[in-house]
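**Student:** only the shape, not the letters, is given here:
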């Protein structure tokens with residue numbers, strides 16, 4: 001039980017603890033090593049002493065003390081010119097309980113004009129995890145390394161899980177992460193939120209990483225849970241901070257609106273028994289009406305800025321789902337049209353797949369299936385289980401013995417490519433139901 005408690009703290013608070021250690025010691029690899037040692041000590045001490053009242057603060061204190069011991073030992077081996085290291089060695093560990101005390105949510109209104117640069121960016125936001133995102137998104141790092149590092153530090157994914165996401169070997173992913181951390185150390189990348197004049201060139205990738213964190217929470221890559229609420233909430237918290245940092249950037253606000261609108265449905269996506277519930281079958285009374293209203297309000301507020309972008313388009317799609325009183329009332333024609341607009345911003349196979357499903361829902365399964373067939377010919381989504389699951393769903397809607405047989409085969413292929421237990425059970429049950437209907 002306590003082993004699971006350590007794992008839960010790691011998932012829920014690992015990024016926060018790690019970010020504080022990086023700020024404290026300025027060394028990415030050292031911070032990771034200290035956190036892993038603290039986890040090991042927790043497994044040793046918690047069964048004996050019981051679970052601490054504040055496990056994250058306990059881990060931080062243990063890691064900080066070990067880090068200061070490491071720094072003091074290193075300082076004794078260097079000459080007197082290493083003033084910064086010597087000064088850090090003399091500093092107290094600090095109050096970890098205060099660091100992990102509950103805090104008020106970030107403001108959702110724009111900051112005073114005096115705190116905003118002429119370009120519309122707030123001059124400072126004090127948050128360790130936001131700083132960590134900016135480190136992961138530093139232009140000195142290779143693009144693949146940026147997202148891999150974010151998945152590791154902010155989402156807590158293992159090297160194996162990241163390798164699966166990249167469709168590469170664990171060794172390749174491990175090297176990618178090692179090179180990224182070495183680059184951070186060699187380039188002395190500062191643990192800061194950049195100055196306002198540096199924000200525009202960094203903003204797009206930061207938003208991408210925050211949405212990456214959200215998506216891992218909304219549909220976990222693997223494990224026993226479909227939704228990791230801790231990651232969804234953390235991504236929304238970071239989104240609020242970004243909205244505070246860049247109050248006049250429409251895409252920043254669009255991402256916040258999108259995450260609010262999508263997360264509003266999380267409570268209805270899993271049944272009381274732990275099974276996956278599709279959008280059309282969800283009990284809409286379980287949706288978070290306040291989050292939907294807030295998301296729509298955020299989206300409406302940025303429309304006068306006339307700065308269209310992909311996050312706003314996706315938020316508009318989510319808003320149409322959120323406004324629909326029932327599955328039958330969903331405006332699929334408008335959603336399909338919005339996916340056409342989204343493809344102009346993001347002409348990717350995954351967006352095409354979503355557009356194909358929307359087309360099938362709006363104009364009949366045959367049209368959606370024809371588009372999916374073209375995607376299959378391209379081969380880029382051959383290992384993407386959602387393609388096969390989407391194909392199966394449209395085939396099921398089309399009906400008929402031949403379509404049902406093809407749907408069962410598509411469900412089977414999706415099953416082979418899925419690592420999440422909740423999705424596996426859903427695919428199995430869908431396939432079994434089709435077989436039973438065919439008897």
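**Tutor:** Noted; the coordinates are in hand. None of these values were measured; they are calculated from a predicted model. Residues are numbered from 1 along each chain as shown.
**Student:** worst-scoring helix or strand of the chain, pLDDT-wise?
**Tutor:** Least confident helix or strand, the chain: helix 83-90 with a mean of 51, by mean pLDDT, DSSP states H and E.
**Student:** what helix or strand is the residue lying closest to residue 338 once chain neighbours are set aside located in?
**Tutor:** Using C-beta to C-beta, 6 or more residues apart in numbering and skipping the chain neighbours, the partner closest in space to residue 338 is residue 317 (5.0 Å). Every residue, glycine included, has its C-beta placed from N, CA and C. Assigning secondary structure by DSSP states H and E places residue 317 in helix 310-323.
**Student:** and that helix, what does it pack onto?
**Tutor:** helix 250-263, helix 289-302, helix 332-345 (3 or more C-beta pairs under 8 Å, 6 or more residues apart in numbering; DSSP states H and E).
**Student:** which positions within whichever strand or helix holds residue 207 qualify as buried?
**Tutor:** Take DSSP H and E as the rule and residue 207 turns out to sit in helix 199-218. Using 16 or more other C-beta atoms under 10 Å as the test for burial, helix 199-218 gives 199, 202-203, 205-218.
**Student:** same check, this time on stretch 357-365
**Tutor:** Quick answer for stretch 357-365 (16+ other C-beta under 10 Å): 357, 358, 359, 360, 361, 362, 365.
**Student:** where does the stretch 51-200 of the chain dip in pLDDT?
**Tutor:** 75-126, 164-165, 167 (pLDDT under 70).
**Student:** what segments of it are helices?
**Tutor:** Using DSSP state H, counting those that start in this stretch, the helices found in the stretch 51-200 of the chain span residues 55-76, 83-90, 96-99, 128-136, 143-153, 159-166, 170-186, 199-218.
**Student:** adding distance to residue 260, write those helices out as CSV.
**Tutor:** Below are the helices of the stretch 51-200 of the chain laid out as CSV (distance: least, C-beta to C-beta, whole Å):
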stretch, distance to residue 260
helix 55-76, 25
helix 83-90, 40
helix 96-99, 27
helix 128-136, 18
helix 143-153, 21
helix 159-166, 25
helix 170-186, 31
helix 199-218, 10
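**Student:** just so I know, which of those lies nearest residue 239?
**Tutor:** helix 199-218 (5.8 Å; C-beta to C-beta).
**Student:** so that closest one versus helix 143-153, what angle?
**Tutor:** 50 degrees (axes from the mean of the first three to the mean of the last three C-alpha atoms, to 10 degrees).
**Student:** which elements pack onto helix 199-218?
**Tutor:** helix 128-136, helix 143-153, helix 229-245, helix 250-263.
**Student:** again, only using 10 Å
**Tutor:** Helix 199-218 sits against helix 128-136, helix 143-153, helix 159-166, helix 229-245, helix 250-263, helix 310-323, with contacts defined as 3 or more C-beta pairs under 10 Å, 6 or more residues apart in numbering; DSSP states H and E.
**Student:** just these: most buried one?
**Tutor:** Highest mean neighbour count among those (mean count of other C-beta atoms under 10 Å): helix 250-263, with a mean of 26.
**Student:** just want the angle from the helix holding residue 317 to helix 289-302.
**Tutor:** Using the same axes, to 10 degrees: helix 310-323 against helix 289-302 is 140 degrees.
**Student:** for the closest residue to residue 204 other than its chain neighbours, give its distance to residue 73.
**Tutor:** Distances taken as C-beta to C-beta, 6+ apart put residue 251 closest to residue 204, at 7.9 Å, once the chain neighbours are dropped. To residue 73, residue 251 is 47 Å away according to C-beta to C-beta, to the nearest Å.
**Student:** same deal with residue 224?
**Tutor:** Relative to residue 73, and taking C-beta to C-beta, residue 224 is found at 41 Å.
**Student:** residue 180 too?
**Tutor:** Taken as C-beta to C-beta, the span from residue 180 to residue 73 is 27 Å.
**Student:** same check on residue 421?
**Tutor:** Counting by C-beta to C-beta, the gap from residue 421 to residue 73 is 45 Å.
**Student:** so the two - more neighbours on which side?
**Tutor:** Taking other C-beta atoms under 10 Å, residue 421 and residue 73 do not tie; residue 421 has more neighbours (15 against 10).
**Student:** which pLDDT value belongs to the more buried one?
**Tutor:** Residue 421 carries a pLDDT score of 89 in this model.
**Student:** would you indicate which residues of the lengthiest helix in the chain are buried?
**Tutor:** Assignment by DSSP state H gives helix 2-25 as the longest helix of the chain. Buried residues in helix 2-25, counting neighbours by 16+ other C-beta under 10 Å, are found at 5-6, 9-22, 24-25.
**Student:** mind giving me the packing neighbours of that helix?
**Tutor:** helix 28-49, helix 55-76, helix 96-99, helix 128-136, helix 143-153, helix 229-245.
**Student:** now find how far off-centre the second one is within its chain.
**Tutor:** For helix 55-76, the separation from the chain centroid amounts to 29 Å (computed by C-alpha atoms, centre = their mean, to the nearest Å).
**Student:** likewise stretch 333-350?
**Tutor:** With C-alpha atoms, centre = their mean, you get 21 Å for stretch 333-350.
**Student:** again, but for stretch 259-278
**Tutor:** The answer for stretch 259-278 is 16 Å, by C-alpha atoms, centre = their mean.
**Student:** endpoints of that stretch, how far apart?
**Tutor:** 18 Å (C-alpha to C-alpha, to the nearest Å).
**Student:** over to stretch 48-59?
**Tutor:** Stretch 48-59: ends 16 Å apart by C-alpha to C-alpha.
**Student:** closest one to residue 297 out of the buried residues of stretch 357-365, please.
**Tutor:** For the buried residues of stretch 357-365, the nearest to residue 297 is residue 358 (24.7 Å; C-beta to C-beta).
**Student:** residue contacts, the residue lying closest to that closest one once chain neighbours are set aside?
**Tutor:** Spatially, and ignoring its direct neighbours in sequence, residue 358 is nearest to residue 336 (4.3 Å; C-beta to C-beta, 6+ apart). Residue 336 sits next to 317, 355, 356, 357, 358, 359, 360, 361, 362, 363, 367, 368 when contact means C-beta atoms under 10 Å, 6 or more residues apart in numbering.
**Student:** among the residues you listed, which lie within strands?
**Tutor:** Residues of the contacts of residue 336 located in strands (DSSP state E): none.
**Student:** dump those residues into a markdown table; add pLDDT as well.
**Tutor:** Converted to a markdown table, the contacts of residue 336 look like this (pLDDT from 0 to 100):
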| residue | pLDDT |
| --- | --- |
| 317 | 97 |
| 355 | 97 |
| 356 | 97 |
| 357 | 97 |
| 358 | 97 |
| 359 | 97 |
| 360 | 97 |
| 361 | 97 |
| 362 | 97 |
| 363 | 96 |
| 367 | 97 |
| 368 | 97 |
